[in-house]
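Engineer: just coords:
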């Protein structure tokens with residue numbers, strides 16, 4: 001058993017690992033391994049959850065610190081772009097896809113949601129928004145109507161959103177699920193041979209661990225195709241906290257993937273690494289810079305296939321209790337495919353990862369198309385003491401922290 005000795009969490013169940021030996025293959029502009037996965041039925045997902053009821057109250061006391069290493073040679077890559085500095089939102093689909101991602105793509109403003117919408121017949125739910133902020137929720141059932149006003153739910157607050165030329169330490173994850181479907185996510189290199197992502201990117205509740213996983217750092221769009229500036233890297237083992245595996249605890253929606261070396265070099269040796277920051281101090285500045293590879297809704301409408309990096313320069317503004325911990329919210333316009341992407345924060349004079357894209361809130365088409373054509377807010381599990389225990393348990397299994 002693993003026990004936590006710090007913070008308010010008394011105990012964390014054993015971390016359960018699974019592994020798969022994968023064949024190595026040379027990377028090319030159109031990779032046969034990735035093409036095979038892309039041809040499978042898509043099961044990429046980002047769970048829709050409501051930020052209503054989130055609060056700006058202080059997070060619980062927890063130890064703070066860092067994990068992994070930061071060797072990125074150009075952390076200024078994720079500094080706020082000089083232009084534009086005003087809030088923007090994805091434009092309508094273009095008739096022709098650009099040859100490659102632009103930095104940044106300037107997109108027009110869209111008015112924040114205002115007004116009331118209702119759904120359902122026997123049980124009717126009405127939501128009232130004012131300038132993007134949910135101000136009232138009413139539920140009518142059997143002739144009785146009850147209205148509540150959520151506390152702390154904020155209007156979207158972004159300083160910039162747009163396509164990136166590519167942060168090399170952030171990459172596209174493609175995997176085959178236990179039921180033989182494809183899944184696309186985002187991950188960040190946090191150690192010489194480790195990638196951080198979301199738990200739901202490597203484990204499907206009720207189905208099990210994914211069968212195979214591949215990582216393409218700095219993946220780029222090339223028309224309707226893709227390029228791999230640093231090749232394809234194959235995963236050997238991957239882990240999620242047992243609390244996520246047994247009960248789907250959303251406060252533990254993070255995972256670590258071990259990446260096989262190539263010619264004696266780890267993926268972090270080639271592209272660099274970003275360390276992990278945890279605890280309250282990680283969000284002391286309030287600034288969050290979210291990155292991902294969104295692949296649905298508007299992000300697929302102009303011919304892109306999920307190999308373009310997108311970013312939101314935003315602000316962490318609220319949290320809510322979920323599972324055995326907390327979920328944090330930040331304004332951002334991404335969706336499926338961006339899961340597992342980093343929440344960069346400035347800590348101690350450098351950038352570190354303090355969260356991963358987990359769930360979304362905003363527009364949705366139906367139960368299988370969440371946050372389309374784009375989300376308005378994304379969440380991450382709050383990195384508290386338990387991520388330290390998880391990291392250490394993985395290091396024990398691997399026999400190394402690198």
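Structural biologist: Arrived safely, thanks for sending. Everything quoted here is computed from the prediction, not taken from an experiment.
Engineer: ok, residue 159 touching residue 313?
Structural biologist: Yes: Residue 159 lies in contact with residue 313 (C-beta atoms under 8 Å); the separation is 4.8 Å. For the C-beta atoms, the positions are set from N, CA and C on the backbone; glycine is no exception.
Engineer: more crowded one of the two?
Structural biologist: Between residue 159 and residue 313, counted using other C-beta atoms under 10 Å, the more crowded position is residue 313 (23 against 18).
Engineer: mind telling me what element that one is part of?
Structural biologist: Assigned by DSSP states H and E, residue 313 belongs to strand 310-322.
Engineer: what's the first helix or strand after that strand?
Structural biologist: Defined by DSSP H and E, the subsequent element after strand 310-322 is strand 325-331.
Engineer: now the angle from that following strand to strand 310-322?
Structural biologist: Here the directions of strand 325-331 and strand 310-322 differ by 150 degrees (axes from the mean of the first three to the mean of the last three C-alpha atoms, to 10 degrees).
Engineer: what's whatever helix or strand comes next after strand 325-331 packed up against?
Structural biologist: Next helix or strand after strand 325-331 toward the C-terminus (DSSP H and E): strand 342-347. In terms of contacts (3 or more C-beta pairs under 8 Å, 6 or more residues apart in numbering; DSSP states H and E), strand 342-347 is packed against strand 287-292, strand 350-356.
Engineer: residue 285 contacts residue 348, correct?
Structural biologist: No: taking C-beta under 8 Å as the definition, residue 285 is not a contact partner of residue 348, at 10.8 Å.
Engineer: against residue 117, how distant is residue 327?
Structural biologist: 24 Å (C-beta to C-beta, to the nearest Å).
Engineer: check the offset of the strand holding residue 313 from the chain's centre.
Structural biologist: Distance, stretch centre to chain centre, for strand 310-322: 11 Å (C-alpha atoms, centre = their mean, to the nearest Å).
Engineer: can you list the low-confidence ranges for this protein?
Structural biologist: In the predicted model, the chain carries pLDDT under 70 at residues 1-29, 72-114, 129-135, 148-156, 302, 365, 367-368.
Engineer: domains for it, by residue range?
Structural biologist: 2-108+156-398, 115-148 (automatic domain parsing).
Engineer: pick the most buried one from these.
Structural biologist: Most buried of those, by mean neighbour count (mean count of other C-beta atoms under 10 Å): domain 2-108+156-398, with a mean of 20.
Engineer: wait, what's in contact with the residue sitting nearest the centre point of the chain?
Structural biologist: For the chain, residue 357 is the residue whose C-alpha lies nearest the centre (C-alpha atoms, centre = their mean; 2.1 Å). Residues in contact with residue 357, defined by C-beta atoms under 8 Å, 6 or more residues apart in numbering, are 46, 186, 198, 290, 292, 332, 334, 338-341, 343, 378-380.
Engineer: and which of these is nearest residue 68?
Structural biologist: residue 343 (14.5 Å; C-beta to C-beta).
Engineer: thinking again about what came up before, save the helices and strands packed on strand 342-347 as TSV, and put in distance to residue 173 too.
Structural biologist: Output for the helices and strands packed on strand 342-347, formatted as TSV (distance: least, C-beta to C-beta, whole Å):
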stretch	distance to residue 173
strand 287-292	11
strand 350-356	11
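Engineer: out of those, nearest to residue 240?
Structural biologist: Using C-beta to C-beta, the nearest of those to residue 240 is strand 350-356, at 12.0 Å.
Engineer: from the chain's centroid, how far away is that closest one?
Structural biologist: 12 Å.
Engineer: how far is stretch 39-58 from where the chain is centred?
Structural biologist: 9 Å.
Engineer: and the end-to-end length of it?
Structural biologist: 46 Å (C-alpha to C-alpha, to the nearest Å).
Engineer: from residue 254, how far off is residue 293?
Structural biologist: With C-beta to C-beta as the criterion, residue 293 and residue 254 are 17 Å apart.
Engineer: do the same with residue 299
Structural biologist: Relative to residue 254, and taking C-beta to C-beta, residue 299 is found at 23 Å.
Engineer: quick check: the residue nearest to residue 311 when sequence neighbours are not counted vs residue 369, distance?
Structural biologist: Closest residue in space to residue 311, ignoring its immediate chain neighbours: residue 291 at 4.9 Å, by C-beta to C-beta, 6 or more residues apart in numbering. Counting by C-beta to C-beta, the gap from residue 291 to residue 369 is 22 Å.
Engineer: quick one: contacts for residue 317?
Structural biologist: 56, 154, 157, 286, 329, 330, 331.
Engineer: okay, among those, which ones form the most distant pair?
Structural biologist: 56 and 331 (13.8 Å).
Engineer: tell me the phi and psi of residue 33?
Structural biologist: phi -70, psi -50 (degrees, to the nearest 10).
Engineer: now do the same contact list for residue 348.
Structural biologist: Contacts of residue 348 (C-beta under 8 Å, 6+ apart): residue 66.
Engineer: what sits against the closest residue to residue 398 other than its chain neighbours?
Structural biologist: Ranked by C-beta to C-beta, 6+ apart and with sequence neighbours excluded, the top spatial neighbour of residue 398 is residue 258, at 6.5 Å. By C-beta under 8 Å, 6+ apart, residue 258 lies in contact with 19, 193, 194, 235, 236, 237, 238, 398.
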